[in-house]
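Peer 1: Got a sequence here, can you model it:
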Amino acid sequence: MICTKIFLSLGLVAPILAQSNYTFPDGFDLGQVESTEKSGWCRGQLNNCPQVCGGSSKVNRCDSDTLEFTCTCSDGTEANVEEYQDTIPFYVCQANYKQCISHSSTQDGDDVCTAGMDKCGSKNASAPTTTSSSPSSSTTLSSETSGSSNGDQSGNEATATDSSDSSTPTDGAMSLMQNYGLAGFATVVVAAFTLL
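Peer 2: Prediction:
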C-alpha cells in the first residue's frame, strides 16, 4: 500500500521534473566535446534562459555532462531556446557543423554540412526587442559539486537563479516553489502526510 502511494506520488511529480524536448541532431557526437566546453555551453544556456523568457524564468537548469536542460518561463511555458544564440541547441548546432565538416570528403558532403548551419539559432536573447518583466534583474550561477538533491548523481548540474526578488524568511520555500512548482510541492506534502 505504501509502495503504491510512493509510486503514485512520483508519477505526479515526474512530469514537473522533465527535461526539455530538445534532441541532438543526427550525427552529433557528444563525446567529442570537452568537459570545459560543455560547462561553458551550460553557462550560456543558463544566462540566456531568463532573457528568452522576457526577464525571468521559473526553472532554469543545465547538466554539463549530458547537456540536458530545462528552461521554463515564469508563466509555466517552456521557452523555445532553439531560435537563440548562446543556448545548448546553438552550441550543439555549431559543434555538429564542425564534426560534419571534419568527416566530409566531398563538396557535396560539405554542402550538406553547411545546409545544417541554417538550423542554428540566430536571434540574440539580449537584443533590445526582448522585453523584460523586471527592470533590475541579475542572474547568479551556481554549480553543484557534490550529488544534488534532484537525483543527478554526477553532480554537474548547474542552476541559475533570478536575484531580482527581495529576500524574505521564506526564501527556502519560495525556491522550492520556483524550481518545482506548486503541483510538485503539493504532491510531496501529500505524500509525506500519507506515509505518516
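Peer 1: Quick check: Cys71 is in a strand.
Peer 2: Yes. Looking at Cys71 with DSSP: H, G, I helix; E, B strand; the rest coil, it is inside a strand.
Peer 1: need the contact list for the residue nearest to it when sequence neighbours are not counted.
Peer 2: Computed as C-beta to C-beta, 6 or more residues apart in numbering, the closest residue to Cys71 that is not its neighbour in sequence is Cys49, at 3.9 Å. Heads up, the C-betas are built off the backbone N, CA and C, glycines and all. Applying C-beta atoms under 8 Å, 6 or more residues apart in numbering, we find Cys49 in contact with 57, 60, 69, 71, 79, 81, 87, 160.
Peer 1: do Ser122 as well
Peer 2: Contacts for Ser122 (C-beta under 8 Å, 6+ apart) come out as 83, 85.
Peer 1: gap between it and Asp86?
Peer 2: Per C-beta to C-beta, to the nearest Å, Ser122 is found 11 Å from Asp86.
Peer 1: Gln99 now?
Peer 2: Applying C-beta to C-beta, the value for Gln99 to Asp86 is 19 Å.
Peer 1: just to revisit the earlier point, now neighbour count too, for the contacts of Cys49, in TSV please.
Peer 2: Converted to TSV, those look like this (neighbours: other C-beta atoms under 10 Å):
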residue	neighbour count
Ser57	25
Asn60	28
Phe69	25
Cys71	28
Ala79	25
Val81	25
Thr87	29
Ala160	23
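Peer 1: Strands - which of the residues you listed land there?
Peer 2: Per DSSP state E, strands hold the following members of the contacts of Cys49: 57, 60, 69, 71, 160.
Peer 1: in stretch 61-70, what counts as buried?
Peer 2: By neighbour count with 16 or more other C-beta atoms under 10 Å, stretch 61-70 contains the buried residues 61-65, 67-70.
Peer 1: Among these, which one sits closest to Cys113?
Peer 2: Closest approach between the buried residues of stretch 61-70 and Cys113, by C-beta to C-beta: Leu67, at 20.5 Å.
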